[in-house]
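1. After the sequence you'll find the predicted model.
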Amino acid sequence: FFFDPLYIPGRMSHISYNSIDATAHGQTAPSTSKAVCTAVGVGLACFAGLTLLLGNNGGQQDLYAVPQTVSTIAASRAVGPAPGQALHRITGTRVASSVEARYVNDAVAETMPVSNEMSGLSASTSGSSLLAMGGLVLGAVALALRYLRRPSPTTLEPLPMVESNVAMAATTGEPRRRVVVTGLGIASVFGNDVDEYYDALLEGKSGIKMIDKFDTEKFSTKFAGQFTDFSSEGLIPPKTDKKYDETIRYAIVAAKKAMRQAGIEKEENPDAHEKLDKARVGVLIGSGMGGLGTLETGVNALNKRGVRAMSPFVIPYSIANMGGSLVAIEQGFMGPNYSIATACASANYAFCAAADHIRNGRAEVMVTGGSEGSICPVGLGGFVACRALSKNNENPTGASRPWDKNRDGFVMGEGAGVLVLEELEHAQARGANIICEYLGGAITCDAHHVTNPRPDGLGVASSIEMAIEDAGIERDQVNYINAHATSTDLGDVAEVKAIRKVFSNMDGIKMNATKSLIGHCLGAAGGMEAVATVKAIETGMVHPTLNLDNPIDEIDGIDCVPHKKKAHEITAAISNSFGFGGHNSVCVFGPYKE
């Protein structure tokens, strides 16, 4: 009762909101009568307990010695202590009044005389006990009924889907500032070098292995795309490196790698860095969960040894924005700086937002992407509890198998992927090497379910259409798709349905799944897959989709690049990322053309 005030009479606006939410998901809504029943039951129990206390004290009792709520005292001041109303006030009936606030400061200290009418209020111990037991039973029954019927987020029925045509982005016809990619950075299970990372992908090397950084005996899933020899040497000072959360470490390493390739990093490129207008250089690095490992460590310390055992960095290094903030602090970048947390779509959302800052003239350069380091007991346990993970412990490297009939869930991964996005003329003026062009992007919401995608794929299809429109290209120019493809039953099928809504003819389009090699890196997934997409454009080679042994019927006629890499000259590529909550995001990249 005390921990869930949504059902207390007097806060009916909250009850209505909760009822609407539950009803919309096909659940039985908490009723007002249930709330009243709960309040009456607990109120009766409180009164009975008070009566029992008075009875045990031998009859006469100064009722005004019992602590009163501020609302009760304020109401008493407002209406006056009329004879016979003391019991009404002391049993907890709250009188909401507009004058309450006026009396809060002095009413608490007020002592009121005992009314003679209350001198006879007493109860026998036995009678009070029976009354107390009855009240407690009634309250317990009401609470039990309420909680038994309370909808669970994991069991909510999806909202009825709204029939709609695929939306198109509005266009103005005005010329926009072009955005190009001048730097790539990675922190991956294959290392921190972009070329080594993509070479491993092209060779079809799996980064999935048994977890050894903590005991997994009690977990049904015991493997992930876990780092084993991650090094930040030369990128983060050792003294601070050991304090940082993994999510922060990965973000800093990937960001510095990207800036060094772009030629603007403070230590390696001091002259170019000095010439930058720092107020027009921003950092936007997303994360699905932030420093979950740091938060977990802090909570464990608190529970075992108390608050004095907690690190003062628990909060600063667990919040999602800190990775990008530390990059900006070190580099002196004073432009747009924040984080986006849209679960597994975070990095793509960051790309779209960063590009918009450049397009609208608020920034010349944006260091942007996603980072995640959540392979820890809480992270693994949370997804196990969601029943989202593969349990193929006997064959970890074969567990992530997008579009395969034998898939049984996704595999957790970790890392970071960062791009340096830059306004074209700014990049040309400083003689930067232009790797490719960011053509456009779009975001939508499924408005359907907490974890499941819309089965008709409408939200995803809409985001693809809008991204293509934003890029200013035609559908038939897209010939490569880096799919979200998590290896889940519903997600893989819904994405393919959405893609087929947009591309009626899949001839000439190659589609692959980076997660089959490195697992699902959550908030970093879009960043790491964007790096793979840009490298595919740059090299003319697309990496294979691993473990695609028994393809589902939905991908018939689509080249998903099974088992082996393929040469492919890309004219335009899309990179998809979707997240819990119905977040859909699509980014479009293409070869740079003057």
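-> Great, that's in hand. Residues are numbered from 1 along each chain as shown.
2. Once you drop chain neighbours, what's closest to Ala320?
-> Gly290 (3.4 Å; Cβ to Cβ, 6 or more residues apart in numbering). Every C-beta, even on glycine, is put in place using the N, C-alpha and C of the backbone.
3. isn't there a helix covering Ser346?
-> Yes - assignment of Ser346 by DSSP: H, G, I helix; E, B strand; the rest coil places it within a helix.
4. just to revisit the earlier point, doesn't Ala343 make contact with the residue nearest to Ala320?
-> No - using Cβ atoms under 8 Å as the test, Gly290 is too far from Ala343 to be in contact (11.9 Å).
5. More neighbours: which of the two?
-> Gly290 (26 against 21; other Cβ atoms under 10 Å).
6. what's the neighbour count on Lys391?
-> 15.
7. The residue nearest to Ala320 should be in a strand, yeah?
-> No - applying three-state DSSP, one finds Gly290 to be coil, outside a strand.
8. what residues are up against it?
-> Neighbouring residues of Gly290 by Cβ atoms under 8 Å, 6 or more residues apart in numbering: Asp245, Thr247, Ser318, Ile319, Ala320, Asn321, Met322, Ser339, Ala341.
9. Report pLDDT for it.
-> Gly290 carries a pLDDT value of 97.
10. Check Gly204 too.
-> What the model reports as pLDDT for Gly204 is 98.
11. Checking my notes, Ala530 in a helix, right?
-> Yes - checked against three-state DSSP, Ala530 lies within a helix.
12. my guess is it contacts Val588, does it?
-> No - counting by Cβ under 8 Å, Ala530 does not reach Val588; the two are 10.8 Å apart.
13. So between the two, which is more surrounded?
-> Ala530 (30 against 25).
14. gap between that one and Met541?
-> Relative to Met541, Ala530 is positioned 16 Å away (Cβ to Cβ, to the nearest Å).
15. And for Asp212, the neighbour number?
-> Counted with other Cβ under 10 Å, residues neighbouring Asp212 total 11.
16. didn't it look like it was pressed against Asp229?
-> No - applying Cβ under 8 Å, one finds Asp212 not in contact with Asp229, separated by 11.8 Å.
17. Now do the strands in the stretch 301-450 of the chain.
-> For the stretch 301-450 of the chain, the strands defined by DSSP state E, counting those that start in this stretch cover 337-338, 365-372, 415-423, 436-445.
18. about what we covered before: among the contacts of Gly290, which are located in helices?
-> If you go by DSSP state H, the contacts of Gly290 have Thr247, Met322 in helices.
19. got the contact list for the residue nearest the centre of the chain?
-> Nearest to the geometric centre of the chain sits Ala343, at 3.4 Å (Cα atoms, centre = their mean). Going by Cβ under 8 Å, 6+ apart, Ala343 touches Gly288, Leu522, Gly523, Gly579, Phe580, Gly581, His583.
20. I'd guessed the last one sits against Ala341; true?
-> No - between His583 and Ala341 there is no contact, the gap being 9.8 Å when judged by Cβ under 8 Å.
21. Among these two, which residue is more densely surrounded?
-> Counted by other Cβ under 10 Å, His583 and Ala341 do not tie: His583 has more neighbours, with 23 against 20.
22. who does the more buried one bridge with?
-> Beta-bridge partners recorded for His583 (DSSP bridges): Cys445, Gly579.
23. quick one: it from Arg260, how far?
-> As judged by Cβ to Cβ, His583 and Arg260 stand 31 Å apart.
24. do the same with Phe219
-> Computed as Cβ to Cβ, the Phe219 to Arg260 distance reads 38 Å.
25. and what of Glu414?
-> 22 Å.
26. between those two, which one's more packed in?
-> Each of Glu414 and Arg260 has its neighbours counted (other Cβ under 10 Å); Glu414 has more, 31 against 18.
27. Could you pull up the residues touching that one?
-> Contacts of Glu414 by Cβ under 8 Å, 6+ apart are 189, 224-227, 246, 250, 372-375, 521-522, 524.
28. how close does it get to Ser577?
-> Applying Cβ to Cβ, the value for Glu414 to Ser577 is 16 Å.
29. Let me know the helix or strand that the residue lying closest to Lys535 once chain neighbours are set aside is in.
-> Once flanking residues are discounted, Lys535 sits nearest to Tyr198: 4.2 Å by Cβ to Cβ, 6+ apart. Using DSSP states H and E, Tyr198 falls within helix 194-202.
30. what's the angle between that helix and strand 415-423?
-> 120 degrees (axes from the mean of the first three to the mean of the last three Cα atoms, to 10 degrees).
31. which parts of helix 194-202 are buried?
-> Neighbour counts over helix 194-202 (16 or more other Cβ atoms under 10 Å) mark Val194, Tyr197, Tyr198, Asp199, Ala200, Leu201, Leu202 as buried.
32. Run the chain-centre distance for that helix.
-> On the basis of Cα atoms, centre = their mean, to the nearest Å, helix 194-202 sits 28 Å off its chain's mean C-alpha point.
33. and Phe589, how many neighbours?
-> By other Cβ under 10 Å, 28 other residues sit near Phe589.
34. gap between the helix or strand hosting it and the chain center?
-> Element membership for Phe589, per DSSP H and E: strand 583-590. Here strand 583-590 is found 18 Å from its chain centre; the criterion is Cα atoms, centre = their mean.
35. Which elements pack onto it?
-> helix 346-359, strand 436-445, helix 458-471, helix 525-539, strand 573-579 (3 or more Cβ pairs under 8 Å, 6 or more residues apart in numbering; DSSP states H and E).
36. What average pLDDT does that strand get?
-> For strand 583-590, the per-residue pLDDT values average out at 99.
37. Could I have the CA atoms of it written out in PDB?
-> Presented in PDB, the C-alpha positions along strand 583-590 are these (Å, rounded to 0.1, in the frame of the first residue of the first chain):
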ATOM      1  CA  HIS A 583      12.500   2.700 -31.500                       C
ATOM      2  CA  ASN A 584      13.300   2.400 -35.200                       C
ATOM      3  CA  SER A 585      16.200   4.100 -36.900                       C
ATOM      4  CA  VAL A 586      17.800   3.900 -40.300                       C
ATOM      5  CA  CYS A 587      20.900   5.700 -41.600                       C
ATOM      6  CA  VAL A 588      21.800   5.900 -45.300                       C
ATOM      7  CA  PHE A 589      25.500   6.100 -46.500                       C
ATOM      8  CA  GLY A 590      26.900   6.200 -49.900                       C
END
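38. quick thing: my sequence starts at 34, can you match it?
-> Right, with 34 as the first residue, what we last looked at is strand 616-623.
39. how far off strand 606-612 does it point, in degrees?
-> If you take the same axes, to 10 degrees, strand 616-623 sits at 160 degrees to strand 606-612.
40. Between strand 469-478 and strand 616-623, find me the angle.
-> Using the same axes, to 10 degrees, strand 616-623 lies at 160 degrees relative to strand 469-478.
41. Pull the contacting residues for Tyr471.
-> By Cβ under 8 Å, 6+ apart, the contact list for Tyr471 reads Val212, Val213, Val214, Phe384, Ala388, Leu452, Leu454, Cys620, Val621, Phe622.
42. Just send those residues back as a markdown table, with distance to Lys597 too.
-> A markdown table is the format used below for the contacts of Tyr471 (distance: Cβ to Cβ, whole Å):
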| residue | distance to Lys597 |
| --- | --- |
| Val212 | 33 |
| Val213 | 31 |
| Val214 | 27 |
| Phe384 | 29 |
| Ala388 | 33 |
| Leu452 | 27 |
| Leu454 | 32 |
| Cys620 | 26 |
| Val621 | 26 |
| Phe622 | 23 |
